[in-house]
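K.L.:
Need the 3D shape of this:
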Amino acid sequence: MTAPTRTPVVLLHALSLHASMWDHHTQALRARGHQVIPFDQRGFGTAPLGTAQPSLDVVADDLAQLLDDRGIDRAVLAGSSMGGYAAMAFLARHPGRTAALALLSARATADTPEARAQRLQFAALVEDAPARATIIDRTTPLLVGATTRARHPEIVARLLADARAADPKALAWAQRAIAARPDATATLRATDVPAVVIAGDQDVLVGFEESRQTAEALPQGRLVSIPGAGHLQPLEAPAAVADALHGLLDRIGDTPC
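P.N.:
From the prediction side, this is the model:
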């Protein structure tokens, strides 16, 4: 009798970063026997930006094509910030293909007009060479919590290096795509799979109440709060995030792909 194969796991990165933000978790999950796909979203890491208009639907379809190419029907999705929004777009466009879901620092609701305007302003400034360094250096440290900024300056330095090295056109494209996303609450309510929403208790970008509402929208959603972490818990508290992901995967067990 052939042993069942553990469900593949797709890891979706945050804005201005790339798949390497998940290196700790890629190793940990592979050690548990999972096929892990650290997915570079278009314009970041090794993925070309292409010519499509900004839309998270494009990213969702990129992922669906990759899964098709690898013969994978269903996978676990774990998305941090922008990666979480890409995961929700995937849920809407490719229903039934997600075996379990982890959303980190990603709200279910669409942006308010004010938040949308701020994203579009960021997109314009990052494409403006004289303004680019200022906007990146001002906003990037806010991605981590106060504890991380005080105790782990190397993480802030890594984030700044990645943001400065990122293609400005990709940063602008991604912000415009995120700004245009719809409310995903109904999509989450229809996603009846094991799910976890992970929040950092020092996240100043997505508040705890927003994370709680996202978890409550998921029929099997559970909320995990990580003390001392901000918006990027996979980098700030990798062991705690790994524990939360392992707990999620334990809820689905070993299933054939």
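K.L.:
so who does the residue nearest to Thr214 when sequence neighbours are not counted touch?
P.N.:
Among residues not flanking Thr214 along the chain, Ala108 sits closest, at 4.4 Å (Cβ to Cβ, 6 or more residues apart in numbering). In this view, the C-beta of every residue, glycine as well, is placed from N, C-alpha and C. When contacts are counted by Cβ atoms under 8 Å, 6 or more residues apart in numbering, Ala108 is found next to Met88, Asp183, Ala184, Thr185, Leu188, Glu210, Gln213, Thr214, Ala217.
K.L.:
which SSE is Ala108 in?
P.N.:
Of the helices and strands defined by DSSP states H and E, none includes Ala108.
K.L.:
Please report how far it lies from Leu11.
P.N.:
20 Å (Cβ to Cβ, to the nearest Å).
K.L.:
surely Leu29 meets Pro238?
P.N.:
No - judged on Cβ atoms under 8 Å, Leu29 makes no contact with Pro238 at a distance of 12.0 Å.
K.L.:
Show me which of these two is the more surrounded one.
P.N.:
Per other Cβ atoms under 10 Å, whichever of Leu29 and Pro238 has more neighbours is Leu29, with 24 against 16.
K.L.:
now the contacts of Ala108: which count as buried?
P.N.:
Met88, Ala184, Thr185, Leu188, Glu210, Gln213, Thr214, Ala217 (16 or more other Cβ atoms under 10 Å).
K.L.:
Return the closest of these with respect to Arg138.
P.N.:
Minimum distance to Arg138 across those is 22.7 Å, recorded for Glu210 (Cβ to Cβ).
K.L.:
so who does the closest one touch?
P.N.:
For Glu210, the contact set (Cβ under 8 Å, 6+ apart) comprises Arg107, Ala108, Thr109.
K.L.:
Now render those as CSV, adding pLDDT.
P.N.:
Shown next, in CSV, are the contacts of Glu210 (pLDDT from 0 to 100):
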residue, pLDDT
Arg107, 96
Ala108, 97
Thr109, 97
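K.L.:
quick one: which of those residues is nearest to His18?
P.N.:
Closest approach to His18 among the contacts of Glu210 (Cβ to Cβ): Arg107, at 22.5 Å.
K.L.:
which stretches of the stretch 51-200 of the chain form strands?
P.N.:
For the stretch 51-200 of the chain, the strands defined by DSSP state E, counting those that start in this stretch occupy 75-80, 98-104, 195-200.
K.L.:
tilt between the second one and strand 75-80?
P.N.:
Strand 98-104 and strand 75-80 are oriented at 10 degrees to each other (axes from the mean of the first three to the mean of the last three Cα atoms, to 10 degrees).
K.L.:
so for strand 98-104, what's the average pLDDT?
P.N.:
Averaging pLDDT along strand 98-104 yields 98.
K.L.:
ok, now stretch 72-87?
P.N.:
Stretch 72-87 comes out at a mean pLDDT of 98.
K.L.:
same thing with stretch 141-159?
P.N.:
Stretch 141-159 shows a mean pLDDT of 97.
K.L.:
Stretch 24-33 now?
P.N.:
Here the average pLDDT along stretch 24-33 is 96.
K.L.:
And the contacts of that stretch?
P.N.:
With contacts defined as Cβ under 8 Å, 6+ apart, stretch 24-33 is touched by 6, 9, 11, 19, 36, 38, 78, 234, 238-239, 241-242, 245-246, 249.
K.L.:
Now go through these and say which are in helices.
P.N.:
Under the assignment DSSP state H, the contacts of stretch 24-33 contribute Pro234, Pro238, Ala239, Val241, Ala242, Leu245, His246, Leu249 to helices.
K.L.:
Would you mind measuring from the last one to Val193?
P.N.:
Using Cβ to Cβ, one obtains 12 Å as the distance from Leu249 to Val193.
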